[in-house]
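Colleague: fold the following.
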Amino acid sequence: MQWIVGAVVLAFVAAVVSGRVPVAFVVYTFAALFIFMALALFFAFSRSKKHGLLLIGISYAASAVLAIVLTDWWPLVAGFAIAWVLRAMGLDSAPEAVPDEQAQSSTNGDEKKS
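Modeller: Alright, predicted model coming up:
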């Protein structure tokens, strides 16, 4: 499977370098991926109200919009670097722990009464 993914990536890079695929197509594709990541982070922020998710989502969205407007690749790299720095600072918190079975059964009223 790794060989197949590597071959596809190598073929894509070769097509871009040779000029058969315009660089704008690559920029727009990655900008669309950044917009989807930003939307997912905005949805996660609406659920958890953790402001780090909002900041990371804004950095992804702003870099995607700037890359689309300028049709250049460097805003995507800058936005990814900013998001990575924000995660390194701890603004992207760890997922919440799932409660154990005893806590779940007590909330459902299934615990045994003695």
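Colleague: going by C-alpha atoms from here, please, whenever you check contacts or count neighbours.
Modeller: Fine.
Colleague: so what's the residue nearest the centre of the chain up against?
Modeller: Nearest residue to the geometric centre of the chain (CA atoms, centre = their mean): residue 37, 3.9 Å. Listed by CA atoms under 8 Å, 6 or more residues apart in numbering, the contact partners of residue 37 are 57, 60.
Colleague: check the one 4 residues further on too.
Modeller: Neighbour list for residue 41: 53-54, 56-57 [criterion: CA under 8 Å, 6+ apart].
Colleague: could you pull out the helices for the chain?
Modeller: 2-18, 23-48, 51-70, 74-88, 101-108 (DSSP state H).
Colleague: any chance you could list what contacts the fourth one?
Modeller: When contacts are taken as CA under 8 Å, 6+ apart, the neighbours of helix 74-88 outside the stretch itself are 30-31, 52, 55-56, 59-60, 62-64, 66-67, 92.
Colleague: would you reformat those as JSON lines and include distance to residue 14?
Modeller: Below are the contacts of helix 74-88 laid out as JSON lines (distance: CA to CA, whole Å):
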{"residue": "30", "distance to residue 14": "17"}
{"residue": "31", "distance to residue 14": "21"}
{"residue": "52", "distance to residue 14": "38"}
{"residue": "55", "distance to residue 14": "35"}
{"residue": "56", "distance to residue 14": "32"}
{"residue": "59", "distance to residue 14": "30"}
{"residue": "60", "distance to residue 14": "27"}
{"residue": "62", "distance to residue 14": "29"}
{"residue": "63", "distance to residue 14": "26"}
{"residue": "64", "distance to residue 14": "24"}
{"residue": "66", "distance to residue 14": "26"}
{"residue": "67", "distance to residue 14": "22"}
{"residue": "92", "distance to residue 14": "35"}
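Colleague: rebuild those as TSV, extending it with pLDDT and neighbour count.
Modeller: Below are the contacts of helix 74-88 laid out as TSV (pLDDT from 0 to 100; neighbours: other CA atoms under 10 Å):
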residue	pLDDT	neighbour count
30	91	17
31	95	25
52	91	19
55	94	21
56	94	25
59	96	21
60	96	28
62	97	19
63	97	24
64	96	30
66	96	17
67	96	22
92	77	18
